[in-house]
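J.: Sequence first, predicted model second:
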Amino acid sequence: MAFSGALTITDLDDFLTPSQACIIPVRGSVPGKQDDGSTEIQIDDSNTYYEVSTYPTSSAGPSSGSAKALGKKALEKAEINLNDCLACSGCITSTESMLITLQSHNEVLSFISESASSTTAVKTPVLSISPQTLASLSTSYASSSSTPPIPLLILLRRIRYFMATSQNGKWRTWDTTFARHLSLRETVAEFQERRQWSAKGKEVAWDSSSPEPGPLPVLASACPGWVCYAEKAQGDMLPLLSQTRSSQAVMGGLVKTWWAKMMDLSPSDIYHVTAMPCYDKKLEASRSDFYSAAYSTRDVDCVLTTGELDLLLSELGFNPFTPSPEEHMTELDATSLAGSPWPELLNHPGSSSGSYLASIIDLVAASHPSPTRLVTREIRDSTDNVEYLLEEVSSGEIIFKGIKCYGFRNLQNLVRKVGKETGLVKSVRTSSKLSAALAARRRKSRMARGGEITSTPTPIDSDAESLTVPAVKDEKKVDFVEVMACPSGCVNGGGQMKPVSSVARKVLDEEGYERPLPDDGTDLGMTVDSGIEKLPEDSHEGTRWSTKDWVAKVEAVYWNGLPTPPPSPKADPVDLTVQRGKTESEKHKLADELAHQVINDVTGNDAAARWEFLRTRFRKVEGDVLSNGGLTHEAVKW
Amino acid sequence: MSSSRPLDNVNPTIFAPTSASSSSRRPKNARALLWNDALDNYELDSSEEEREEIDSQEIFDLLRSITDPEHPVSLEQLRVVNPEDIHVAGNRVLVWLTPTIPHCSMSTLIGLSLRVRLLRALPPRFRVDIRIKPGTHQSEHAVNKQLNDKERVQAALENQHLLQVVEGCLATASQRGMPSLEVKAEEEQGSKPAARGTMPWVA
Amino acid sequence: MPLLELVQELPGHSEPAWQVAFNPSRPLLASCSTDKTVRLYSFDDRSFSDSLPASDDPKPTFSLLSAIETEHKRTIRSVAWGPDGRTLATGSFDSSVGIWEEVDSDAPEDDSEGVFKPSTEIGGEKVVSGAGEWECVTTLEGHESECKSVAFSSDGALLASCSRDKSVWVWEVQPDADFECIAVMMEHTQDVKCLAWHPKEEVLASASYDSHIHLMFDDPDGDWCIFQKLHPKLPSARTQSSLPELSPTADEKAIESLNIPPLEEDETVWCLAWSPCGRYLASGGDRGGIRIWRRKGNQPDSLFEEILHTAAHSRSVFSLSWRKGGYLASAGGDGKIIVWKTDVIEDGDGPVAPRLSMNPVAAVREAHSVDDVNSLSWCSREEGRGFLLASCGDDGGVKVWRLVRD
């Protein structure tokens, strides 16, 4: 199977290694015994297993010939699907083959070829592309052809035009920014709920059919790598996760619920493919919350990474540099193949990973009665770990503290910090002895610093309790964290395109290690003979997938390649680059109106329905249920 | 329900076991027969028995009745361990292990079982090296390296799940090719004979 | 030729002991074990000389101070002291790292009433007892599987840990027993067996089952990163030695008849030790050889080259410890402890880089009876003080040796 160059096991595992056994056999339900009549298992021609009672059941009349009347009961097949695996601490990260076969560009290719040969009605195909994917593709195309990057809107429309041809199966191709718009609005709403709910101190009962709001701080949950890690390794953190659906999950609902209704299609008649910067989006799409039992369909049927979309497009013969007839249109018919039912490529300033924190800051600043000022502080000079403090200008009081936290390392510290602040994670054993020891230490260090103890000295024994609370007590606690598992966030996702230039310059040495070719190609003598390998520049954790320069390029294309045409009714082609930003607020207004309409169309005024449409749940994955597990490969690995 | 992964080797060749024991020293030293099975005895007698010679047949007897992790048959019956593949010199023991199929993922587990058995049964002065017989496993070198890493072995023995599987394999080890003897020994200790024929983790 | 004499056999562990570590600033020795305890021993060391003691010089006396029952759920594989001697880190197969501090030893006397205190005055200097209660002040989680080594940097500002999960983590020590993870490096392809900080600089070396040694530093232009991956290349040279302990035993001769094939895969690097000057790094391999790597410059990221590979032990080298004066001690699965004298050979003024010679000067066989020796530690508490070497083995025993002049 041809994988994208991006795919390795380490890409998939997001730093999680498989634990011991597949636990599905253990969790499989054991049907309750109804009577003691002995039974045996039979298998029929079609490989169906039946449990057959050796005594005729009393209800079975002699004339009855049905299997049921003979006490024959078809047994349910035990199936282990991706969703089981998602809910498991076990082996998902090592069974990448399952992911690849269920959700691969080959799957999409075979869908296209089946549709082409089929005479009966086929599913309506929809392709939803994330803006990070477009930025990565555009950067990659530009690098390999030494041309300026194609603006994202143009690229989106060229892909749309190409995929809409009947030879390719008449796809609808959209971007996911309107879905993100809905997700951001809901994130803001949820934050407000939770903030007010915390302020009330829970003395008031939650008066709604939807679940009670969670506590503060809110940790963004749009990154499926982080969600996966939290569910497996940080179960105590789950109540803090934002319950708002990610843009992919909202997109799924939009397409399969709202758009399907609009087009008078059944959700199961739509084949919905998304293109995402990250492998873990495949896992997200497989979550049970995004499955409709009524229609036996998922909100997203198949997730491709950027690399896989690139493979798909190139196998279909897509040339990104071929202009499409409609790429400069300013308004497109919402229902035609060439159009979009919602605004295209909405710009959300903030971060290239979804701007969740920026949206919250805007809300808090806008709703505060007096002017505020935003102060940012890079922790340890890292752009992946930044504190955002919103200060009231007049008093200097900090009214909001947000953190942008990207990458596994920063995530570790976040978990420790938030765990301490909230008391959710018991990392420190707080015995009275310890607190005394800590107090003594703190006292000593304060003395050492010049002994300015202004407050009355706290007696060690009597007030040990308060002393165990670390120094952050007097500091503002965190309100919201934009968490992403990848360093540099989604533009640097594991499924993104690899740097074009540096790949070509590297070779593998005899031990399989990457080594840059020396410029003159000859002077290898010294380093090879002594067995010393000078490393390529990009060996930092911060640049896990690719070089820093490459990520910076993608980031730049992400922001600069988002020119949006004015929504004016004029059909004249406009110079997209100069129009950028002018009508952004108008676009957002339109998007807001449409968002209202969509939510109203889908959920009416029903809070519970609204919750289901825009929110989701997280479950702690228990790892320690291996006692009777099957003899799996994982079980005996050591 | 299908609770387990498919067996690596669905249909292994099973060979008739050799006679219970051909060790020349067996008859004259019945106590050694229960060496591991009465480790305490060994401790008591260690001074008197300081340098008792142990030959390859003795090692084979310790290993032959270990049960295969996938099948209710002994390693001897599967010819995973063979008397001629065991070598002893001084305090060093070399055991060649022959997996039934070249991609057997159970090889590390079988190797671990052998190691644990010898760790428990042999006097501590012995150093054991276990090797996959050349050409019988597609990743023999990797398996060899892992089997001879004492830190990995120690960690594996602290993995309760894995240990349970190993104990299952070793439950029959004290038969030493002589099932009846094992039963008798078990009876003496008042415990139930180990269930033979079915391994609890194989559906 | 000097001799390695047994000073004392200490009350050891009930299960294999994995690492011993002398406290760098106080007369304390720590050991850890599969029995999940850390044992602390105190001692009185009256030797001040820079030269080797004589055999009849008074021997220090060690006594068990406490056996800390930790809350680790599996083997404690590694134990390390902070340079101030007040913090102890433990790395366990349960994947966590424990940080231990002595409960306020400056507290009023009545606090420690009833607790045994060893001699408090040595040479007019007040000796901090270490007899207080040791408390686990924090636990560092994050590794996915067995933690195999922990180490504090020379100034105690950083703590490194490594694991079977192939990763090396660097933590910054913060006030109030807080630790912040500042780097996770995942470039080994197999278990990371051992970590060693440069004796003066913030340069970290890691050794792995994948047969590589990685060298890491805090890149001024970015994050912590690996600046060199060392892979052994030199063939091993036989050691010429007249030490009777190093001549093959009858048993070792018998083994040759077995013809045990060496493992085909590249050998695990089990252990590392920096020379006190920081210019050389020693590594011990699974096949019993010791390699010496020389730093080629004075920059933090100066590259290293392999300059020496000596056959040393007949089984894996599990531990190395390098002491001032050029004494490098090695121990391994063959049950031997060997002390090597290392000397820099200056080959005139030419461009030839200084070479290093190493010769065995003392050795003991069956240091822990028939069992493997897992760890060694020179007492380096104060420059030139004593020539004490601690060892521990699979028998759970902890022993202290002294290098004496003949």
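T.: Done, it's in.
J.: for the longest helix along chain B, packing partners?
T.: Longest helix in chain B by number of residues, with DSSP state H as the criterion: helix B:107-121. The contact analysis (3 or more CB pairs under 8 Å, 6 or more residues apart in numbering or on different chains; DSSP states H and E) places helix B:107-121 against helix B:56-63, strand B:92-97, strand B:127-132, helix B:140-147, helix B:150-157, helix B:160-170. For every residue, glycine as well, the C-beta is placed using N, CA and C.
J.: The ones you listed: which one's closest to A:Trp171?
T.: Among those, the nearest to A:Trp171 by CB to CB is helix B:140-147 (45.5 Å).
J.: Give the rounded mean pLDDT of the host helix or strand of A:Lys420.
T.: Using DSSP states H and E, A:Lys420 maps to helix A:408-422. What helix A:408-422 shows for mean pLDDT is 88.
J.: Could you check the angle the longest helix of chain B makes with helix B:56-63?
T.: Angle, helix B:107-121 to helix B:56-63, by axes from the mean of the first three to the mean of the last three CA atoms, to 10 degrees: 110 degrees.
J.: then helix B:107-121 to CSV, C-alphas only?
T.: Output in CSV follows, covering the C-alpha atoms of helix B:107-121 (Å, rounded to 0.1, in the frame of the first residue of the first chain):
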residue,chain,number,x,y,z
SER,B,107,9.3,-16.7,20.5
THR,B,108,10.2,-14.0,23.0
LEU,B,109,7.5,-15.4,25.3
ILE,B,110,8.8,-19.0,25.0
GLY,B,111,12.3,-17.7,25.5
LEU,B,112,11.2,-15.8,28.6
SER,B,113,9.6,-19.0,30.0
LEU,B,114,12.8,-20.9,29.5
ARG,B,115,14.8,-18.2,31.2
VAL,B,116,12.4,-17.9,34.1
ARG,B,117,12.4,-21.7,34.5
LEU,B,118,16.2,-21.9,34.6
LEU,B,119,16.4,-18.8,36.8
ARG,B,120,14.3,-20.5,39.4
ALA,B,121,15.6,-24.0,39.0
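J.: Show me which positions of it end up buried.
T.: Within helix B:107-121, the residues scored as buried using 16 or more other CB atoms under 10 Å in any protein chain shown are B:107-118, B:121.
J.: Return the closest of these with respect to chain A.
T.: Distances from chain A to the buried residues of helix B:107-121, taken as CB to the nearest CB, are shortest for B:Leu109 (4.4 Å).
J.: Hmm, that closest one is touching B:Gly168, no?
T.: No. Using CB atoms under 8 Å, B:Leu109 is not in contact with B:Gly168, being 10.4 Å away.
J.: Common neighbours of these two, please.
T.: Shared contacts of B:Leu109 and B:Gly168 (CB atoms under 8 Å, 6 or more residues apart in numbering or on different chains): B:Pro69.
J.: before we move on, the earlier item: any chance of TSV for the helices and strands packed on helix B:107-121, columns mean pLDDT and mean neighbour count?
T.: Formatted as TSV, the entries for the helices and strands packed on helix B:107-121 read as follows, by pLDDT from 0 to 100; neighbours: other CB atoms under 10 Å in any protein chain shown:
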stretch	mean pLDDT	mean neighbour count
helix B:56-63	93	23
strand B:92-97	93	22
strand B:127-132	93	21
helix B:140-147	92	21
helix B:150-157	93	20
helix B:160-170	90	19
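J.: In the stretch 251-400 of chain C, what residue comes closest to chain A?
T.: Closest point on the stretch 251-400 of chain C to chain A, by CB to the nearest CB, is C:Glu305, at 4.8 Å.
J.: Would you mark the buried spots in the host helix or strand of that residue?
T.: Under the criterion of DSSP H and E, C:Glu305 resides in strand C:304-311. By neighbour count on 16+ other CB under 10 Å, the buried set for strand C:304-311 is C:Phe304, C:Glu305, C:Glu306, C:Ile307, C:Leu308, C:His309, C:Thr310.
J.: same thing with stretch A:376-385?
T.: Those would be A:Ile379, A:Ser382, A:Asp384, A:Asn385, for stretch A:376-385 by 16+ other CB under 10 Å.
J.: Give me every residue in the stretch 1-150 of chain C lying close to chain B.
T.: Residues of the stretch 1-150 of chain C lying close to chain B by CB under 8 Å from any CB of the partner chain are C:Pro16, C:Thr34, C:Arg74, C:Thr75, C:Arg77, C:Phe93, C:Ser145, C:Glu146, C:Lys148.
J.: at 7 Å instead, please
T.: Neighbours of chain B within the stretch 1-150 of chain C, by CB under 7 Å from any CB of the partner chain: C:Thr34, C:Arg74, C:Thr75, C:Phe93, C:Glu146, C:Lys148.
J.: For the third one, which residues are in contact?
T.: So that's C:Thr75. Taking CB atoms under 7 Å, 6 or more residues apart in numbering or on different chains as the criterion, C:Thr75 is in contact with B:Gln154, B:Glu158, C:Trp18, C:Thr34, C:Ser92, C:Phe93.
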